[in-house]
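Asker: The following block contains a protein sequence and its predicted model.
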Amino acid sequence: MLVATTLQNRPRAMQRQLRLFIRTIQWLPVFRYGKRFTSIRAEQRTQILCYLQDHRVEVIRCGFWGLRTLALLGYYGRPESVQAIGYAADPRGWEARR
């Protein structure tokens with residue numbers, strides 16, 4: 001839900017860029033492994049993601065880190081994840097620790 005809300009608040013052009021980037025990730029491994037991202041082994045997925053993370057072209061790195069941020073938001077924004085990691089946010093911020 002957090003990811004959907006976050007994406008709704010972004011410009012349409014950015015939403016299109018994200019869709020294109022996800023499609024690119026899906027099809028990029030075909031050139032190296034002959035299979036789409038969702039069909040390759042975990043080690044191969046890691047290689048592809050590391051390649052994108054460290055790519056020499058800045059816009060690709062930015063796309064990767066934006067997508068990564070959304071994935072982390074989706075995972076850690078779930079109530080069960082909050083409980084599992086012991087996150088105890090308080091409206092008082094750091095003052096709550098005193």
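Answerer: Sure thing, it's come through.

Asker: those strands in this protein, which residues are they?
Answerer: Using DSSP state E, the chain contains no strands.

Asker: What's the biggest helix in it, counting residues?
Answerer: The single longest helix within the chain, with elements called by DSSP state H, is helix 58-76.

Asker: So for it, what gets flagged as buried?
Answerer: Of all the residues in helix 58-76, those buried under the rule 16 or more other Cβ atoms under 10 Å are Ile60, Gly63, Phe64, Leu67. For glycine as for every other residue, the C-beta is placed from the backbone atoms N, C-alpha and C.

Asker: What distance do you get for the nearest residue to the second one once chain neighbours are set aside to Trp27?
Answerer: Right, the one you point to is Gly63. Of all residues not flanking Gly63 in the chain, Phe21 sits nearest, at 4.4 Å (Cβ to Cβ, 6 or more residues apart in numbering). Noted for Phe21: a distance of 11 Å to Trp27, by Cβ to Cβ, to the nearest Å.

Asker: Which one of those two is surrounded by more residues?
Answerer: Taking neighbours as other Cβ atoms under 10 Å, Phe21 and Trp27 compare with Phe21 leading, 18 against 10.

Asker: Relative to Leu2, which of the buried residues of helix 58-76 is nearest.
Answerer: The nearest member of the buried residues of helix 58-76 to Leu2, counting by Cβ to Cβ, is Leu67 at 14.6 Å.

Asker: For the nearest residue to Leu70 once chain neighbours are set aside, list the residues it contacts.
Answerer: By the measure of Cβ to Cβ, 6+ apart, the closest residue to Leu70 outside its immediate chain neighbours is Val3, 5.3 Å from it. Residues in contact with Val3 (Cβ atoms under 8 Å, 6 or more residues apart in numbering) are Leu70, Leu73, Gly74, Gly77.

Asker: Let me see the confidence value for Val3.
Answerer: In this model, Val3 is scored at 94, pLDDT.

Asker: Tell me how far it lies from Leu72.
Answerer: Counting by Cβ to Cβ, the gap from Val3 to Leu72 is 10 Å.
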